[in-house]
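Peer 1: Please work out how this folds:
(2 chains)
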Amino acid sequence: MTVALLRGEYMQVEVRVFSGLEKFLDQKRFGEPFSVEVQDNWDLRSLLDHLSIPKEQVFTKLVNGKHQELDYKLNDGDRVSLFPPVGGG
Amino acid sequence: MLDEHQLLRYDRNILLNGIGAKGQQKLLNSKVLVVGAGGLGSPIAFYLAAAGVGTLGIMDADDVDYSNLQRQIIHWTGDVNRPKVESAAEKLKKLNPGIEVIEYRERLTEKNYLDKIRGYDAVADGTDSFPTRFLINDACVRYGIAYMYGGVLGFVGQAMTVIPGSTPCLRCIFPSEPDSNAPTCREEGVLGTVPGVIGSIIATEVIKYSIGLGELLTGRILTYDGLSMQFFNVDVERTPDCPTCGGV
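Peer 2: Numbering: from 1, shown residues only, chains lettered A, B, ... in the order given. Below you'll find the model as predicted:
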């Protein structure tokens, strides 16, 4: 944990949203990364709540390339990619 | 050994670095199952048949519907109400009489999935359901068969190739079925060209895998957005406790 975090300051994670989830966010485009300041006790559920993305719309939650559940505790510098189910054929 | 007609038919493949007559022979010897003869299955099957994949299995239980014709380009207006596999096989045999097309007018189920998939070298995903994809994934991991996943929705699509035992499988990144309230093509629509793009990518992966060519789309999901016309690769890793490939 950094000195800044010990002072109670925010961590930053990189978020990318794909395949229609961008419609829940203002001025965010498909696949383009943006930074989000998160508190050091936040999990993925807190992040989705903060971004106002409905949890039932999110199918895959990759953190640094690995699928994680909603209770995954975020770490400074995590790279989060969010996908809806893209299931048509 | 390729005959005179094959040398002419596949000339533009054979000219390519890394393919040649040897690579073309590998394609002719390969066996590929396409599950689903719809939006994705149409370009997949067309391109694999044209490329000379020697044995092409096509599986679908449905009949052609008018609402399919906007994107399922292997089916034409006169095919409405015909079984999709019959309609597809007819076109594929006309396109390339030199390959074997095997029709499966049935669904992939928990009872038949192992038997249907065993014996193929690769399975191409043209389905529209995650439970069916999980069956394909599980059978491919069990038998060490390459699996090319694809999916589409609206203006977007994605694809990934699974090489069992060495790259992430579908269950590593999609461990469970989607929420029942999640969007589907039936509710949200899909632009007809999107399965064309993703199906062409899947067919490219099958051809590369069959010949042993290039870098496969493994360890990453390729995502496509037709509206912004952008592609992104998103790296993915194997999940050590994956229910399907964790012990492989």
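Peer 1: What mean pLDDT does stretch B:169-186 get?
Peer 2: On average, the pLDDT along stretch B:169-186 is 84.
Peer 1: From the chain's centroid, how far away is that stretch?
Peer 2: Remark: stretch B:169-186 is offset 18 Å from the chain centroid, using Cα atoms, centre = their mean, to the nearest Å.
Peer 1: And stretch B:28-35, by the same measure?
Peer 2: Between the centre of stretch B:28-35 and the centre of its host chain there is 10 Å, according to Cα atoms, centre = their mean.
Peer 1: For it, buried residues please.
Peer 2: Applying a neighbour-count criterion of 16 or more other Cβ atoms under 10 Å in any protein chain shown, the buried positions in stretch B:28-35 are B:28, B:30-35. Where C-beta positions appear, they are placed from N, C-alpha and C, glycine not excepted.
Peer 1: which ones are touching residue 66?
Peer 2: Looking at chain A here, since you left the chain open. A:Lys66 is in contact with B:236-237, B:239, counting by Cβ atoms under 8 Å, 6 or more residues apart in numbering or on different chains.
Peer 1: my bad, chain B
Peer 2: Contacts of B:Tyr66 (Cβ under 8 Å, 6+ apart): B:Val80.
Peer 1: likewise the one 5 residues further on?
Peer 2: B:Arg71 makes contacts with B:38-39, B:42, B:190-196, as judged by Cβ under 8 Å, 6+ apart.
Peer 1: returning to what we had before: which of the contacts of A:Lys66 has the weakest pLDDT?
Peer 2: B:Thr239 (91).
Peer 1: That one reaches B:Gly246, doesn't it?
Peer 2: Yes. At 6.8 Å, B:Thr239 and B:Gly246 qualify as touching, with contact defined as Cβ atoms under 8 Å.
Peer 1: then stretch B:137-154 to PDB, C-alphas only?
Peer 2: Taking C-alpha atoms only, stretch B:137-154 is exported to PDB below (Å, rounded to 0.1, in the frame of the first residue of the first chain):
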ATOM      1  CA  ASN B 137     -16.200 -26.100 -24.800                       C
ATOM      2  CA  ASP B 138     -16.400 -29.000 -22.400                       C
ATOM      3  CA  ALA B 139     -16.200 -31.600 -25.100                       C
ATOM      4  CA  CYS B 140     -13.400 -29.900 -26.900                       C
ATOM      5  CA  VAL B 141     -11.400 -29.600 -23.700                       C
ATOM      6  CA  ARG B 142     -12.000 -33.300 -22.900                       C
ATOM      7  CA  TYR B 143     -10.900 -34.500 -26.300                       C
ATOM      8  CA  GLY B 144      -8.200 -31.900 -27.000                       C
ATOM      9  CA  ILE B 145     -10.100 -30.400 -30.000                       C
ATOM     10  CA  ALA B 146      -9.600 -26.700 -31.000                       C
ATOM     11  CA  TYR B 147     -12.700 -24.600 -30.400                       C
ATOM     12  CA  MET B 148     -13.300 -21.200 -32.100                       C
ATOM     13  CA  TYR B 149     -15.800 -19.200 -30.100                       C
ATOM     14  CA  GLY B 150     -17.700 -16.200 -31.500                       C
ATOM     15  CA  GLY B 151     -20.700 -14.200 -30.500                       C
ATOM     16  CA  VAL B 152     -22.600 -11.200 -31.800                       C
ATOM     17  CA  LEU B 153     -25.200  -8.700 -30.500                       C
ATOM     18  CA  GLY B 154     -26.400  -5.400 -32.000                       C
END
